[in-house]
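[1] Kindly return the folded structure for what I paste below:
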Amino acid sequence: MKKTLLILLCGVLILTSLAGCSGKADPTGNASEASPASSGESAVAQDSKDAGQEFDILSLKTLQDLLDLEQSGRVTYVGNGAVGQYYVRSFTADDILYRVILKLTDEVYDEFWAVDYSEDGYEAKELAILGPVPIIRYENLSAIELSEEEIQKLVGGPGSELVDRGWQCWGYNFETKELRMDDRAFSYYVTYEGDVDQAAADMDDPQEAIRPVTITSITPEGYGDTANLDYSGELIAGEELELEEMGEGEVEQEDIGMLGGWLYNEDILPTAEDENTLKAAVATLEADAAAPVTYQLIANLGNEPVAGTNYCFLVKAEPADEGAVPYYVLMFIYKDLDANCTPYLVQPIEPGTLYGNDGSHDLAEIAIEAPQGALMGGWSVAQQDDHDQEVFTSLNQEGLSMICCLSKQVVAGTNYCFLAQADGSPYFIYAYEDLDGNTSLVNFELFYMEAFV
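    Residues are numbered from 1 along each chain as shown. Alright, predicted model coming up:
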């Protein structure tokens with residue numbers, strides 16, 4: 001589970017669905033999808049084995065009842081999250097999407113957030129703590145899903161109608177006129193025609209940018225943010241939630257150290273402390289390395305306050321082997337309260353790939369095509385030169401500053417991948433320069449650290 005700040009990041013280019021919004025963080029950050037084995041099967045799980053028995057959500061009295069059903073296969077886990085004193089878990093049963101909500105006592109809250117996720121089996125420990133906690137609220141999320149008829153009524157209308165109804169645009173490609181949007185717990189693939197509000201697009205505000213367009217299709221794509229408490233499902237039974245202190249989805253700055261969540265650095269250029277953190281972490285890698293590798297810290301993209309700190313570093317790796325080519329990696333490092341540094345994920349970056357959410361969207365989907373007959377070259381780690389800055393500057397992206405050119409691809413001209421920064425956030429900027437020196441912006445996106453952890 002992840003501790004995720006409930007701070008709206010406008011324009012974040014996330015290109016896949018998110019199963020759960022906010023949950024407890026750990027060095028790996030992965031959502032806990034498997035339930036630990038309970039010491040004994042609950043009566044609810046035993047009853048669920050009766051053939052043809054209709055699912056009764058009110059038979060679930062504690063989270064452990066639900067975990068037992070997940071293990072038995074009677075229900076299917078979807079997502080989870082922790083919001084203040086509340087823990088949320090969503091699941092499907094008989095093709096219906098439900099979620100249950102627990103309210104943690106101060107004692108359970110402290111015990112839950114004190115779990116050391118650097119230890120093996122931390123997920124089982126978390127759920128063992130939460131298992132006995134009573135469920136206080138039961139919701140049917142399928143009941144708030146739009147019908148096909150309701151969806152079709154939105155097709156042909158303006159983008160402003162979706163925005164005003166509360167739909168959230170979390171992924172977009174203005175070149176191909178494609179959007180990914182959430183309507184509460186459900187995600188949709190949306191296409192449109194017409195021009196976006198360019199001023200809003202330049203400000204990386206897709207919500208405002210799509211207001212003037214005309215929606216041409218809306219296709220369901222599964223579940224969205226099922227753990228978000230900014231909306232309610234159809235109430236089956238239970239208490240009203242007390243979220244006023246959360247400021248309708250926001251947290252106060254002084255609470256960040258407690259709640260966790262990845263934070264983008266205002267200045268991603270590495271400091272001496274960052275260099276020392278990398279050096280300490282790399283020392284553990286070198287002991288297991290088959291051949292020497294030199295690591296150069298390019299940027300500190302962000303950090304996550306936990307019981308210690310998680311770091312996300314962009315690092316250039318240069319193998320010592322003759323003929324080996326350098327490459328870039330995202331190195332996630334956990335630094336505990338005693339300053340011990342452990343790299344828990346080293347993710348190679350493949351040039352030409354977008355990293356908005358899970359790195360699954362290849363640049364080939366949006367790249368400018370080379371003229372017929374031109375030979376496409378491969379992406380390669382860029383050798384820095386003054387011309388890179390000239391190309392970046394020619395894109396006229398106000399507010400963006402170039403950190404470095406990560407990679408290039410020779411086509412009928414050259415494709416570029418830049419690392420840039422704006423408003424304290426890192427962006428990947430893809431650009432194309434033709435053979436006459438004319439440049440154009442191909443795509444840009446906010447780098448989403450939680451895509452990898």
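
[2] any idea where the helices of the stretch 51-200 of the chain begin and end?
    In the stretch 51-200 of the chain, the segments counted as helices under DSSP state H, counting those that start in this stretch are 63-72, 106-113, 122-130, 148-154, 159-164, 198-202.

[3] Below-threshold pLDDT in this protein: ranges please.
    Scanning the chain for pLDDT under 70 picks out 1-52, 116-120, 243-261, 286-291, 350-379, 382-384, 423-424, 448-453.

[4] longest helix in it, by residue count?
    Longest helix in the chain, counting residues (DSSP state H): helix 272-286.

[5] Give me the residues contacting that helix.
    Outside helix 272-286, the residues that touch it by Cβ atoms under 8 Å, 6 or more residues apart in numbering are 270, 292-293, 295, 297, 300, 311, 313, 315, 331, 333, 335, 339-343, 346. Every residue, glycine included, has its C-beta placed from N, CA and C.

[6] Mark which of the residues you listed are buried, thanks.
    270, 293, 295, 297, 300, 311, 313, 315, 331, 333, 335, 341, 343, 346 (16 or more other Cβ atoms under 10 Å).

[7] still on that earlier bit, out of the contacts of helix 272-286, which are inside helices?
    Per DSSP H, those never map to helices.

[8] Filter those residues down to just the ones in strands.
    Of the contacts of helix 272-286, the ones assigned to strands by DSSP state E are 293, 295, 297, 300, 311, 313, 315, 331, 333, 335, 341-343, 346.

[9] In TSV: the residues you listed, plus distance to residue 193.
    What follows is the ones in strands among the contacts of helix 272-286, written out as TSV (distance: Cβ to Cβ, whole Å):
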residue	distance to residue 193
293	49
295	47
297	45
300	41
311	43
313	42
315	42
331	43
333	46
335	49
341	51
342	50
343	47
346	43
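
[10] In those residues, find the pair that's most separated.
    Maximum pairwise distance among the ones in strands among the contacts of helix 272-286 (Cβ to Cβ): 20.9 Å, between 293 and 335.

[11] still on that earlier bit, closest one to residue 392 among the helices of the stretch 51-200 of the chain?
    Nearest to residue 392, of all the helices of the stretch 51-200 of the chain, is helix 198-202, at 15.9 Å by Cβ to Cβ.

[12] Check which helices and strands the closest one sits against.
    For helix 198-202, the packing partners by 3 or more Cβ pairs under 8 Å, 6 or more residues apart in numbering; DSSP states H and E come out as helix 206-209.

[13] before we move on, back to that, how about the longest helix of the chain: buried residues?
    By 16+ other Cβ under 10 Å, the buried positions in helix 272-286 come out as 274, 277-278, 280-282.

[14] any chance you could map the strands in the stretch 101-250 of the chain?
    Under the criterion DSSP state E, counting those that start in this stretch, the stretch 101-250 of the chain contains strands at 135-140, 168-173, 178-183, 186-193, 214-223, 234-238.

[15] how about these, which one is nearest residue 396?
    Nearest to residue 396, of those and by Cβ to Cβ, is strand 168-173 at 19.9 Å.

[16] Show me how far that closest one is from its chain's centre.
    Its chain's C-alpha centre and that of strand 168-173 lie 13 Å apart, by Cα atoms, centre = their mean, to the nearest Å.

[17] what are the pairing partners of that strand, and which direction each?
    strand 178-183 (antiparallel) (DSSP bridges).

[18] and the angle from the strand it pairs with to strand 186-193?
    Angle of strand 178-183 versus strand 186-193, following axes from the mean of the first three to the mean of the last three Cα atoms, to 10 degrees, is 140 degrees.

[19] Can I get strand 178-183 in CSV? Just the C-alpha atoms.
    Extracted in CSV, the C-alpha atoms of strand 178-183 (Å, rounded to 0.1, in the frame of the first residue of the first chain):
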residue,chain,number,x,y,z
GLU,A,178,-7.2,11.2,-27.0
LEU,A,179,-8.1,11.5,-23.3
ARG,A,180,-8.2,9.2,-20.3
MET,A,181,-10.7,10.4,-17.8
ASP,A,182,-12.2,9.2,-14.5
ASP,A,183,-15.8,9.6,-13.4
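
[20] which residues touch it?
    Counting by Cβ under 8 Å, 6+ apart, 14-15, 17, 146, 162, 165-173, 187-192, 206, 210, 221, 224-225 sit against strand 178-183.

[21] Can you say which of those are buried?
    Looks like the contacts of strand 178-183 have 14-15, 17, 146, 162, 167-173, 187-188, 190, 192, 206, 210, 221, 224-225 buried, using 16+ other Cβ under 10 Å.

[22] Understood, closing this out.
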